[in-house]
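Colleague: What follows is a protein structure lacking sequence information:
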């Protein structure tokens, strides 16, 4: 007589589903992060500072430690090491940035999963990597910059401190000190992570010797890391020189366009404005609302408060600085992006009525605007504007000469134009004029009118190119 096998219980099926979800969720997150990090990575224009950091890393490995002393050296050292193995160049350095992007998503996921839950971790890390954060022609963290390194090491440091807070093992605190030291050694603005670290200190347990021992281990490891890395660069003197350079830079200011006006010293709201321009204003509003919900609904969780504190400190520091550049936005946006993912999941967990569901659905739809825009950008990224000038000149039958660049920063023109370029309209040999949209360097209106009258413009996205039949100085001499 055969005995029928009992069907598996619903509880067993749920547990198996949860196990599969536990395994598959990080795989999906990392796959999406890898797609965003590497797809068409070599197609975007070269950013203004990318070649600076890429070449500095190569120079450091060659023994020349004099390049780019105005920023800490560790991220550039890593770029140099990577290029020593893979080969030098912007494309090689960008691959390193892609790896940093994937590692950052992995660290965020693992920490938030342990502190809040799998769904929150997935939403937070996906918001971090997919949300549209285009500065110039590409995602800011796909470019060869220092900030992504500081964010990676900063998150590692906070995650380790959070773990230490649960176990109180001094070695965890020491490793966290090393990680936060490396964050500071990548970009000085990573000091904001120290505010997040303060949230993770168990203040009520300060009387315990083990806690004090761990704090000392954290501080000693961080300081030792900074001293060791800076030793070849001149030690304390190099740090003092960097601080002096940054103070001088703040005093002289840096041209930036905010709300249609050009400032030499950025107004206090500049970093928020640039954030809206980077992710999109509708997306920024949704991110801010969801991030606020994350802090309010999960305020009892130290990890959430640490992320919020570090992000708020970064926003305050950057707002207080008279120098604000578009790529600085990544230095504080990482926090509201993580918190928005946590917040939207926390909101859905508390939905108990149809009205609440409608509100949560509407906020979710708004929140998805940023990731949708980010995915579309990565799918379609290609050379634009200034990076298309060489091809347009090559297609013109007239002899090639120099390009006069107007309303374009030389730092943007230099890595993207192979043809010789000048910024003086009176220079010899100019057979093409490229006019961008950077109002910090306004073009002479009379020259623009002359070009419009004498030649047909070629529109290259945000750059207008005039290909001349004669040299510009001859055209100017013939003009009435």
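Modeller: Yep, it's here. Worth saying up front: this structure is predicted, and the values here are computed from it rather than measured. Numbers count the residues shown, from 1 in each chain.

Colleague: Wait, residue 182 touches residue 74, no?
Modeller: Yes: with contact defined as CB atoms under 8 Å, residue 182 reaches residue 74; the gap is 5.7 Å. Quick note: C-beta positions are derived from backbone N, CA and C, even for glycine.

Colleague: what touches both of these two?
Modeller: Listed as contacting both residue 182 and residue 74 by CB atoms under 8 Å, 6 or more residues apart in numbering are 149, 229.

Colleague: which regions of the protein sit below the pLDDT cut-off?
Modeller: Within the chain, the stretches with pLDDT under 70 are 1-18, 480.

Colleague: one more time with 50, if that's ok
Modeller: Of all residues in the chain, those with pLDDT under 50 make up the ranges 1, 3, 5-7.

Colleague: can I see the domain layout of it?
Modeller: Domains of the chain are assigned by automatic domain parsing as 20-380, 385-478.

Colleague: Distance from the chain centre to the shortest one, please.
Modeller: Counting by CA atoms, centre = their mean, to the nearest Å, domain 385-478 is centred 31 Å from the centre of its parent chain.

Colleague: tell me how far the ends of it are from each other?
Modeller: End-to-end distance of domain 385-478 (CA to CA, to the nearest Å): 30 Å.

Colleague: Please apply the same query to the first one.
Modeller: The distance separating the two terminal residues of domain 20-380, taken as CA to CA, comes to 33 Å.

Colleague: Quick check: residue 36 touching residue 101?
Modeller: Yes: counting by CB under 8 Å, residue 36 does reach residue 101; the two are 7.1 Å apart.

Colleague: which neighbours do those two share?
Modeller: Counting by CB under 8 Å, 6+ apart, the contacts common to residue 36 and residue 101 are 129, 142.

Colleague: Compare neighbour counts for the two and give me the winner.
Modeller: Comparing residue 36 with residue 101 by neighbour count (other CB atoms under 10 Å), the higher total belongs to residue 36, at 26 against 23.

Colleague: Just confirm that one is within a helix.
Modeller: Yes: applying DSSP: H, G, I helix; E, B strand; the rest coil, one finds residue 36 inside a helix.

Colleague: Give me the residues contacting stretch 63-71.
Modeller: Contacts to stretch 63-71, defined as CB under 8 Å, 6+ apart, come from residues 52-53, 55-56, 59-60, 73, 76, 146, 187-188, 232-233, 238, 241-242, 245-246, 249.

Colleague: One more pass at 6 Å, please.
Modeller: Here stretch 63-71 makes contact (CB atoms under 6 Å, 6 or more residues apart in numbering) with 52, 56, 59, 146, 233, 242, 245.

Colleague: Among those residues, which ones are in helices?
Modeller: Filtering those for membership in helices, criterion DSSP state H, returns 52, 56, 59, 242, 245.

Colleague: any idea which of the residues you listed has the most stuff around it?
Modeller: Result: residue 56 is most packed of those (other CB under 10 Å), 22 neighbours.

Colleague: ok, that one to residue 88 distance?
Modeller: 12 Å (CB to CB, to the nearest Å).

Colleague: from the domains of the chain, which stretch is densest packed?
Modeller: When those are scored by mean count of other CB atoms under 10 Å, the highest mean neighbour count falls to domain 20-380 (a mean of 19).

Colleague: Now do the strands in the stretch 251-400 of the chain.
Modeller: According to DSSP state E, counting those that start in this stretch, the stretch 251-400 of the chain carries its strands in the segments 256-258, 261-263.

Colleague: Now tabulate the ones you listed in CSV and tack on distance to residue 130.
Modeller: Listed next are the strands of the stretch 251-400 of the chain as CSV, based on distance: least, CB to CB, whole Å:
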stretch, distance to residue 130
strand 256-258, 27
strand 261-263, 31
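
Colleague: picking up where we left off before, looking at the ones in helices among the contacts of stretch 63-71, which is nearest residue 296?
Modeller: residue 242 (38.8 Å; CB to CB).

Colleague: residues contacting that closest one?
Modeller: Neighbouring residues of residue 242 by CB under 6 Å, 6+ apart: residue 70.

Colleague: From residue 249, how far off is it?
Modeller: Per CB to CB, residue 242 is found 10 Å from residue 249.

Colleague: repeat for residue 236
Modeller: From residue 236 across to residue 249, the span is 20 Å (CB to CB).

Colleague: I'd guess residue 404 is in a strand, am I close?
Modeller: Yes: the assignment for residue 404 is a strand, going by three-state DSSP.

Colleague: okay but residue 340 is in contact with residue 287, surely?
Modeller: Yes: the pair residue 340 / residue 287 is scored as a contact, 4.6 Å apart, by CB atoms under 6 Å.

Colleague: Tell me where the stretch 301-450 of the chain has helices.
Modeller: Ranges of helices within the stretch 301-450 of the chain are 302-320, 330-349, 354-367, 369-380, 389-395, 410-413, 445-454, based on DSSP state H, counting those that start in this stretch.

Colleague: CSV please, covering the ones you listed and showing distance to residue 436.
Modeller: Formatted as CSV, those follow (distance: least, CB to CB, whole Å):
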stretch, distance to residue 436
helix 302-320, 26
helix 330-349, 23
helix 354-367, 32
helix 369-380, 20
helix 389-395, 10
helix 410-413, 8
helix 445-454, 12
